[in-house]
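Undergrad: kindly return the folded structure for what I paste below:
(one chain, ligands or ions: 1)
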Amino acid sequence: MTQDKTLPDRLLAEIESRREALIELTQQLIRIPTLNPPGLKYREICTFLAERLGQSGFEIELIRAEGAIADSDEYPRWNIIARHDGANTGECVHFNSHHDVVEVGHGWTRDPFGGELDGGKIYGRGACDMKGGLATSIIAVEAFIAICPDYTGAIEISATADEESGGFGGVAYLAEKGYFNPDRVHHVIIPEPLNKDRICLGHRGVWWAEIETQGRIAHGSMPFLGDCAVRHMGAVLEQMEEHLFPLLASKRTDMPVVPDGAKQSTLNINSIHGGAVEQEPDYTGLPAPCVPDRCRIIIDRRFLIEEDISVVKSEVAQMLEKIKAERPDFEYEIRDLFEVQPTMTAEDAPVVQTVAKAIEAVMDKKPEYVVSPGTYDQKHIDRIGKLKNCIAYGPGILDLAHQPDEWIGVQDMVDSAQVMALALADLLFPH
Ligand SMILES: [Zn+2]
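TA: Model (predicted):
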């Protein structure tokens, strides 16, 4: 092992010299509108990255998640994994970014797919979440390979589909095919926009379910002849207000979840629907004069690493049973829709400690350890891939994700790229 005290400075300077390239790459990625839904231009962005990384000496695999949720010939779910092997075999560091972006929405004053650079910020849908992070990891890796061509181990960069809709045609598919097997990959960094001086260790759990209350249809002028499912749902909502929400607010976590409000269990009612369903959205006539016989809500329960999902579910089940015991004619059904276990990488895991050291070296401050209120692709890497040494670390301000006029700061990307390059040197080029 050589003693090379100048290596960190040479890496930092190399990144700095690639500032323009980083801006250009970010703009090029933003200009490919990989909207999800429906899953637009996935092949195009993977081909673009294949050319780019192929020129940098990477071996390329383009993988379509055939048969995965939402994969179709019209909107195929394409992923790319690029791998670069060093001079000797050793551990593999993997950077995983999702290439899909959410819908544009209203309120933009910039071209959402223009990649406009203004005042040190690059604007566009996905700038922050997370094409800026993807570009940052590519520049960091290319700079590292240029300075340390004889490193030990391997580096992988993946750009994957559908994170915004659950990751089934992306990381989940690849994890099932063994791409995140701990024999193959040893350290994973997901450059999601968690702020450049924070390390995200994991996320809370999720349980989605649909609750339906059931009544009996009748003429609206004689509601006493029917049984109103919406009123039954009112009883459910009342129980939630009186008992469930206070109970959830009392459950606090030791996970360092940000923002503060998410340091407890939460429940959102994502939607409610009762009454006639089949009318077109632009229907302007009068509603049907009927007593509604069905009312449905979707609940979105976020739970803590200290909670067991069976308890999370039984709290709601018990509440519904209590209502059934007390309220005449109360009938209901509950259906599970989706669940994700909470995950949290240990603070002393190698990738955490290495990135923490690099943040201190670049930004002269200790990193903050955080946990995300919502999930991201780490869930699949942990649960399917059985790979625990995984964090989210990347440039960009979390609050800007999915907003109009989303942007990424150029200096934040440069700082983050420097952190990534130093972390690579620490893991793959002991000096
Ligand atoms: Zn994201």
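Undergrad: for residue 225, phi and psi?
TA: Per-residue torsions, residue 225: phi -90, psi -10 (degrees, to the nearest 10).
Undergrad: tell me how many other residues surround it.
TA: By other CB atoms under 10 Å, the residues close to residue 225 number 11. For every residue, glycine as well, the C-beta is placed using N, CA and C.
Undergrad: that one is in contact with residue 218, isn't it?
TA: Yes. With contact defined as CB atoms under 8 Å, residue 225 counts as touching residue 218 (4.2 Å).
Undergrad: tell me the residues that contact both of these two, please.
TA: With contacts defined as CB atoms under 8 Å, 6 or more residues apart in numbering, the residues shared by residue 225 and residue 218 are residue 291.
Undergrad: quick check: residues of this protein near the ion?
TA: Counting by CB under 5 Å from the ion, the chain comes close to the ion at 129, 130, 192.
Undergrad: could you dump these to JSON lines with neighbour count and secondary structure?
TA: Converted to JSON lines, the residues of the chain next to the ion look like this (neighbours: other CB atoms under 10 Å; DSSP: H, G, I helix; E, B strand; the rest coil):
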{"residue": "129", "neighbour count": "28", "secondary structure": "helix"}
{"residue": "130", "neighbour count": "32", "secondary structure": "helix"}
{"residue": "192", "neighbour count": "26", "secondary structure": "coil"}
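Undergrad: wait, which of these is closest to residue 238?
TA: residue 129 (37.2 Å; CB to CB).
Undergrad: quick one: contacts for the closest one?
TA: Residue 129 makes contact with 101, 102, 192, 193, 396, 400, 401, 402, 406, according to CB under 8 Å, 6+ apart.
Undergrad: among those, which are in strands?
TA: Assignment to strands by DSSP state E places none of these there.
Undergrad: any of these buried? List them.
TA: Neighbour counting by 16 or more other CB atoms under 10 Å classes 101, 102, 192, 193, 396, 400, 401, 406 among those as buried.
Undergrad: which among the residues you listed gets closest to the ion?
TA: Nearest to the ion among those is residue 192, at 4.9 Å by CB to the ion.
Undergrad: the closest one contacts residue 202, doesn't it?
TA: No. The criterion here is CB under 8 Å, and residue 192 misses it with residue 202 at 11.8 Å.
Undergrad: find residues that contact each of these two.
TA: Contact criterion CB under 8 Å, 6+ apart; residues bridging residue 192 and residue 202 by contacting each: residue 372.
Undergrad: re earlier: would you turn the residues of the chain next to the ion into TSV with pLDDT?
TA: Converted to TSV, the residues of the chain next to the ion look like this (pLDDT from 0 to 100):
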residue	pLDDT
129	97
130	97
192	97
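Undergrad: do a quick rundown of the helices in the stretch 301-431 of the chain.
TA: Taking DSSP state H, counting those that start in this stretch as the criterion, the stretch 301-431 of the chain carries its helices at 309-326, 350-363, 378-383, 410-428.
Undergrad: centre of the chain to the longest one, how far?
TA: In this case it means helix 410-428. 21 Å (CA atoms, centre = their mean, to the nearest Å).
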